[in-house]
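Colleague: Give me a model of this one.
(one chain, ligands or ions: 1)
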Amino acid sequence: IKHPLYKYEGFWFHQGFWFHSEASFTVEVAMALQDKFVAQPTNVFLASYPKSGTTWLKALAFAIVNRTMFKGSNPQHPLLTTNPHYCVPFIDTEAFLTNPSNTNDLLATHLPYTILPKSVITSDCRIVYICRNPKDVFISFWHFVNEILRDDLSPEMNLEDAFELFSKGVTSNGSCWDHVVGYRKASIERPDKVLFLNYEKMKEDPKSEVKKLASFIGHPFKEGEEGDGEMEEIIKLCSFKKLREVNKANKDGHKVIPNDVYFRKGEVGDAVNYLTTEMIEILDKITLEKYNGLDIAF
Ligand code: A3P
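Modeller: Numbers count the residues shown, from 1 in each chain. As a prediction, this is how the structure comes out:
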């Protein structure tokens with residue numbers, strides 16, 4: 001294996017400079033953050049397991065927080081000129097460690113809840129977590145890995161091998177299920193500090209979920225026409241269609257991953273087009289067992 005994984009506090013991570021020579025989402029970065037990172041009470045962390053809707057959540061939160069500065073149709077709106085990943089930085093990257101921009105209130109992370117730096121839990125800051133059906137996470141992950149490895153002279157990862165690793169939790173940031181369970185339990189124990197969102201629900205009823213998100217992060221929409229109008233504008237601006245269109249056109253944005261790789265299909269249930277019946281049964285069984293009693297529905 002070209003990029004081996006290491007287990008740290010129950011979760012698997014890459015080590016060293018695995019990712020196009022960038023140290024991101026590695027065990028070293030996780031440990032350095034635990035050691036050094038000091039959260040500000042004003043921080044809002046957007047947390048997720050990779051491929052669960054991170055980019056969408058970043059776009060929505062950024063658009064909500066900055067709505068008085070940029071109207072959705074303003075051609076200079078950052079979301080119309082750049083990738084949402086530039087608008088909300090990940091803390092779990094070397095770039096962040098060397099230049100910690102936590103004057104920025106909105107920050108993102110893929111770290112599991114139990115591995116978060118202590119101050120994220122003990123300070124007054126808030127966390128928004130987005131969860132997605134593990135079957136769709138897996139298929140999205142499989143496509144993504146094959147896209148980003150394409151120019152890295154690595155062989156493509158076939159579906160069966162990827163499935164084996166994913167179902168055992170041997171992927172970057174560890175088991176998708178354990179990741180979700182950590183944040184779900186935290187959201188039950190500390191509902192004022194941890195908001196648990198769901199990709200499928202956001203697709204089904206974006207208005208109610210975006211309203212919830214805005215209130216939770218301290219930027220509620222006004223009741224009535226004005227607030228509704230702003231909310232609808234933000235939902236449209238952050239829609240899969242709009243973001244994909246912007247990021248397909250913008251080829252020069254991201255250094256290591258082409259912008260449009262973050263916008264594949266953006267659908268619920270696409271996994272059935274790839275998984276065998278047996279694979280579906282296995283993933284559903286793990287999901288049922290792991291999420292038992294936690295009221296997580298897709
Ligand atoms: P698919 O591969 O199923 O299309 P992440 O942002 O955590 O990396 O997750 C990526 C997944 O979210 C991809 O799923 C991507 O297409 C989808 N996605 C990106 N932007 C989206 C948006 N604005 N609305 C809905 N889904 C979006």
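Colleague: what are the ranges of the strands in the chain?
Modeller: 5-8, 11-14, 44-48, 106-109, 126-131, 194-198 (DSSP state E).
Colleague: what packs against the lowest-mean-pLDDT helix or strand in the chain?
Modeller: Every helix and strand of the chain was ranked by mean pLDDT, DSSP states H and E. The lowest is helix 94-98, at a mean of 87. Helices and strands touching helix 94-98, by 3 or more C-beta pairs under 8 Å, 6 or more residues apart in numbering; DSSP states H and E, are helix 27-36. C-betas here are computed from N, CA, C, even on glycine.
Colleague: Which elements pack onto the helix it packs on?
Modeller: Going by 3+ C-beta pairs under 8 Å, 6+ apart, helix 27-36 lies up against strand 5-8, strand 11-14, helix 94-98.
Colleague: Looking at these, which is nearest to the ligand?
Modeller: The ligand lies closest to strand 11-14 among those, at 16.2 Å (C-beta to the nearest ligand atom).
Colleague: Nearest spatial neighbour of the residue nearest the centre of the chain, chain-adjacent residues omitted?
Modeller: Centroid-nearest residue in the chain, with C-alpha atoms, centre = their mean: T54, separated by 2.5 Å. The spatial neighbour of T54 that comes closest, neighbours along the chain excluded (C-beta to C-beta, 6 or more residues apart in numbering), is S48 at 4.4 Å.
Colleague: What pLDDT does the model give the one you found?
Modeller: For S48, the model assigns a pLDDT of 98.
Colleague: And for K36?
Modeller: The model's pLDDT for K36 equals 92.
Colleague: next one: the one 5 residues further on
Modeller: For P41, the pLDDT comes out at 92.
Colleague: And the one 10 residues further on, by the same measure?
Modeller: Per-residue confidence (pLDDT) for K51: 97.
Colleague: what number of residues lie near it?
Modeller: Residues near K51, counting by other C-beta atoms under 10 Å, number 24.
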